[in-house]
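Visitor: all I have is the shape, not the residue letters:
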């Protein structure tokens, strides 16, 4: 497995975990759980999504630095990567 496939697998794993966490948050709200506990879990979901996003941006940066193309689209420009990064901020 190459670096890009590994990174994709890691991102998908993070997103699946976040999906499970979000389902847990929804269940907590439906069960009337304490708001503090709900917000704590919601913050964990948010961090998981942020980390997945940063992993995607890091992969794009690595691809640009290496000058690689996946054959599907040209590498992102520095400005495009910056916009993606700032979208997560």
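Guide: Alright, I've got the coordinates. Since this is a predicted model, take the numbers as computed values, not measurements.

Visitor: quick one: mean pLDDT over the strand or helix carrying residue 16.
Guide: Assessed by DSSP states H and E, residue 16 sits inside helix 3-30. Average pLDDT, helix 3-30: 92.

Visitor: ok, and the closest non-adjacent residue to the most centrally placed residue in the chain?
Guide: For the chain, the residue sitting closest to the mean C-alpha position, by CA atoms, centre = their mean, is residue 52 at 1.8 Å. Leaving out its chain neighbours, the residue that sits closest to residue 52 by CB to CB, 6 or more residues apart in numbering is residue 14, at 4.2 Å. (Glycine included, C-beta is placed from N, CA and C.)

Visitor: so what's that neighbour up against?
Guide: Neighbour list for residue 14: 48, 51, 52, 55 [criterion: CB atoms under 8 Å, 6 or more residues apart in numbering].

Visitor: one more: residue 58?
Guide: Neighbours of residue 58 in contact, by CB under 8 Å, 6+ apart: residue 7.
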